[in-house]
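Undergrad: no FASTA, just this:
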């Protein structure tokens, strides 16, 4: 095998080794305490973040639960939620698009969140519907 091809293969193997096998299932296995809580840009919402299978989330694929409340602390249901993982220090996101499922009580489960390298990731989140706002909770992957 040529040296250049061997080096590329080595990089690919190392990258794949950092990924977990299966996405975290939506089994309700989120911890009671949030990893973090963030206010939305417009200040209309508060977003509590929980990760599964662990907090902080592992490198690879995980699930995230966002609990969205208004200024009075009332859960906000009926929102369209889009989440884009983004690593600001490297200027890139993930190639896998997460899916969001409303669970009621202001809870939104985000599946297939791919955080493929350690460091600080923003979960760039857009809310639309009753409330139009954005938030960017940060999760740190060890």
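TA: Looks like it came in fine. Just so we're clear, the structure is a prediction, and the values are computed from it rather than from any experiment.

Undergrad: just the helices in the chain please.
TA: 3-17 (DSSP state H).

Undergrad: where does the prediction get shaky in it?
TA: Low-confidence segments of the chain (pLDDT under 70): 1-28.

Undergrad: rerun at 50
TA: 5-26 (pLDDT under 50).

Undergrad: that one: strands as residue ranges?
TA: 36-39, 45-52, 60-70, 80-87, 92-93, 99-104, 107-115, 119-128, 133-135, 138-141 (DSSP state E).

Undergrad: those strands: which one's closest to residue 29?
TA: Proximity to residue 29 (C-beta to C-beta) singles out strand 45-52 among the strands of the chain, at 5.0 Å. Quick note: C-beta positions are derived from backbone N, CA and C, even for glycine.

Undergrad: before we move on, back to that, let's have the strands of the chain in JSON lines, adding mean neighbour count and distance to residue 30.
TA: Output for the strands of the chain, formatted as JSON lines (neighbours: other C-beta atoms under 10 Å; distance: least, C-beta to C-beta, whole Å):
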{"stretch": "strand 36-39", "mean neighbour count": "15", "distance to residue 30": "13"}
{"stretch": "strand 45-52", "mean neighbour count": "22", "distance to residue 30": "4"}
{"stretch": "strand 60-70", "mean neighbour count": "22", "distance to residue 30": "4"}
{"stretch": "strand 80-87", "mean neighbour count": "18", "distance to residue 30": "15"}
{"stretch": "strand 92-93", "mean neighbour count": "14", "distance to residue 30": "23"}
{"stretch": "strand 99-104", "mean neighbour count": "13", "distance to residue 30": "10"}
{"stretch": "strand 107-115", "mean neighbour count": "21", "distance to residue 30": "8"}
{"stretch": "strand 119-128", "mean neighbour count": "18", "distance to residue 30": "14"}
{"stretch": "strand 133-135", "mean neighbour count": "19", "distance to residue 30": "18"}
{"stretch": "strand 138-141", "mean neighbour count": "16", "distance to residue 30": "13"}
